[in-house]
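Novice: Structure here, sequence nowhere to be found:
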């Protein structure tokens, strides 16, 4: 239990930092600060625990060439869901212009996490 909690906190901090960097790089994606980035990352970790089995199940029903594209689209959708949840807390925490911006953020998070894990 403690190991899982440590992992969740560690991943949330790392993804929070990555989200801050992405908010500087990706036009149309703005975070109000470090606290907003950590909150978005924490909600993302919890949402990912529930959504990833569905994403993999749905993506596995298609040809392997389509899997990465569908995975990014569904992950972008989960980012839209996270932003909607954060808007319920405070509408100034995060700004996201479009679905394409969410998909670009998902691609950036995936690439950065892959490099960090390697």
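Specialist: Ah, there it is. This is a predicted model, so every value here is computed, not measured. Numbers count the residues shown, from 1 in each chain.

Novice: show me where this protein has strands.
Specialist: Listed in chain order, the strands of the chain (DSSP state E) span 29-31, 94-96.

Novice: So which bits of the last one are buried?
Specialist: Counting neighbours by 16 or more other C-beta atoms under 10 Å, one finds that the buried residues in strand 94-96 are 94, 96. Heads up, the C-betas are built off the backbone N, CA and C, glycines and all.

Novice: cool, stretch 59-74 as well?
Specialist: Using 16+ other C-beta under 10 Å as the test for burial, stretch 59-74 gives 59, 70-74.

Novice: Dump the strands of the chain to JSON lines, plus mean pLDDT.
Specialist: Listed next are the strands of the chain as JSON lines, based on pLDDT from 0 to 100:
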{"stretch": "strand 29-31", "mean pLDDT": "95"}
{"stretch": "strand 94-96", "mean pLDDT": "94"}
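
Novice: Out of the buried residues of stretch 59-74, which comes closest to residue 86?
Specialist: Using C-beta to C-beta, residue 74 comes nearest to residue 86 of the buried residues of stretch 59-74, at 19.0 Å.

Novice: so what's the closest one scoring on pLDDT?
Specialist: Confidence at residue 74, expressed as pLDDT, is 83.

Novice: same question, residue 16
Specialist: Looking at residue 16, its pLDDT stands at 92.

Novice: so it touches residue 33, yeah?
Specialist: No - contact criterion C-beta atoms under 8 Å: residue 16 and residue 33 do not qualify, at 10.3 Å.

Novice: neighbour-wise, which of the two wins?
Specialist: When residue 16 and residue 33 are compared for neighbours, residue 16 comes out ahead with 21 against 11, by other C-beta atoms under 10 Å.

Novice: Thank you kindly, that will do.
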